[in-house]
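Trainee: how would this look folded up:
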Amino acid sequence: MLCATILPNSEARKPRLILSIAGSLLFLFLLAFLNLGRWLDNEDPPQKAAAIAVLSGRMPSRAIEAARLYNQGYAPQIWLSYSVEPGATLEKFSVPYAGEEFYDRLLLLHQGVPDSAIHILTPPIVNTADEIRTFGQALHKENLHRIILVTSKVHTRRAGVLWKRLSARDGEAIIRGASDDDLAHWWRNTGDALDVVREILGLLNAWAGLPLQPAKS
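Mentor: Residues are numbered from 1 along each chain as shown. Next up is the predicted model:
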């Protein structure tokens with residue numbers, strides 16, 4: 001009789017235990033999901049460096065952040081990368097395109113950075129990995145030891161991973177994000193959501209050794 005009364009109670013507790021575990025896992029998943037944006041924001045504390053390198057994209061926020069760091073005395077020069085696209089493709093249709101580095105330079109000048117402190121580096125780049133290699137090679141060639149990489153906050157973690165994988169031997173990179181980014185509620189609009197998804201996929205590619213290469217135009 002004792003066994004008969006205990007067994008049903010034990011069996012009745014199993015569904016509640018399963019629901020409790022499932023609920024806890026769902027809560028942890030939602031918590032991690034909602035905090036993906038904050039996790040991707042992985043800035044370093046600001047430090048003085050030999051140069052500030054601006055990763056392409058997100059005009060005007062990255063150039064403005066680079067100018068702010070320059071004006072605060074964190075580095076004596078600013079480096080910009082150079083891309084042949086979409087200029088090369090537009091040229092086939094006789095459509096002029098000055099290039100992002102042209103507009104970034106104008107933004108920097110507007111923010112008080114002297115033209116003598118702005119340098120556009122070659123070779124031309126296609127993606128962030130190319131930029132990281134270019135900035136690392138310039139750091140090594142100039143026999144400098146530290147650079148500040150300016151990007152968007154959502155991109156800071158991946159930029160740091162790429163630097164460690166591709167250019168750590170060239171020197172140290174301080175990763176800084178544009179100060180107007182807000183990743184606390186990234187799921188509320190499609191632009192921020194796409195940024196987060198893109199960064200997660202980019203991180204997976206970087207951790208895997210960059211097996212996926214940029215599409216050829």
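Trainee: tell me who's in contact with residue 151.
Mentor: Residues in contact with residue 151, defined by Cβ atoms under 8 Å, 6 or more residues apart in numbering, are 55, 57, 58, 62, 159, 175, 176, 177, 178. The way it works is simple: take the backbone N, C-alpha and C, and place the C-beta from them, glycine included.
Trainee: tell me the confidence at it?
Mentor: Turning to residue 151, the model gives it a pLDDT of 96.
Trainee: now the strands for this protein?
Mentor: Taking DSSP state E to define them, one finds strands in the chain at 51-54, 78-80, 118-120, 146-151, 172-177.
Trainee: show the buried residues in the contacts of residue 151.
Mentor: In those, burial by neighbour count holds for 55, 58, 62, 159, 175, 176, 177, 178, counting by 16 or more other Cβ atoms under 10 Å.
Trainee: contacts only, for the third one.
Mentor: Okay, so that is residue 62. Contact criterion Cβ under 8 Å, 6+ apart gives 54, 55, 56, 104, 150, 151, 152, 178 as the residues in contact with residue 62.
Trainee: repeat that with 7 Å
Mentor: For residue 62, the contact set (Cβ atoms under 7 Å, 6 or more residues apart in numbering) comprises 54, 55, 150, 151, 152, 178.
Trainee: helices of the chain, start to end?
Mentor: Using DSSP state H, the helices assigned to the chain run over residues 2-34, 36-40, 61-71, 87-91, 100-110, 128-141, 156-166, 190-207.
Trainee: right, so of the ones you listed, which gets closest to residue 116?
Mentor: When the helices of the chain are compared by Cβ to Cβ, helix 100-110 sits nearest residue 116, at 10.9 Å.
Trainee: helices and strands around the closest one, which ones?
Mentor: Contact here means 3 or more Cβ pairs under 7 Å, 6 or more residues apart in numbering; DSSP states H and E; on that basis helix 100-110 packs against helix 61-71, strand 78-80, strand 118-120.
Trainee: going by neighbour count, list what's buried in that helix.
Mentor: By neighbour count, and taking 16+ other Cβ under 10 Å as the criterion, the buried residues in helix 100-110 are 100, 101, 104, 105, 107, 108.
Trainee: still on that earlier bit, what's the closest of the contacts of residue 62 to residue 71?
Mentor: In terms of Cβ to Cβ, no member of these lies closer to residue 71 than residue 150, at 13.2 Å.
Trainee: residues near that closest one, how many?
Mentor: Applying other Cβ atoms under 10 Å, we find 29 residues neighbouring residue 150.
Trainee: the closest residue in space to it that isn't next to it in sequence: neighbour count?
Mentor: If you skip the residues right next to it in sequence, residue 150 has residue 66 as its closest partner in space, 4.6 Å away by Cβ to Cβ, 6 or more residues apart in numbering. Counted with other Cβ under 10 Å, the burial measure for residue 66 works out to 30 neighbours.
Trainee: my guess is residue 66 contacts residue 78, does it?
Mentor: Yes. Between residue 66 and residue 78 there is a contact at 5.4 Å, judged by Cβ atoms under 7 Å.
Trainee: identify the residues contacting residue 119.
Mentor: Taking Cβ under 7 Å, 6+ apart as the contact definition, residue 119 lies against 77, 79.
Trainee: before we move on, back to that, of all the buried ones among the contacts of residue 151, which two lie farthest apart?
Mentor: 58 and 175 (14.7 Å).
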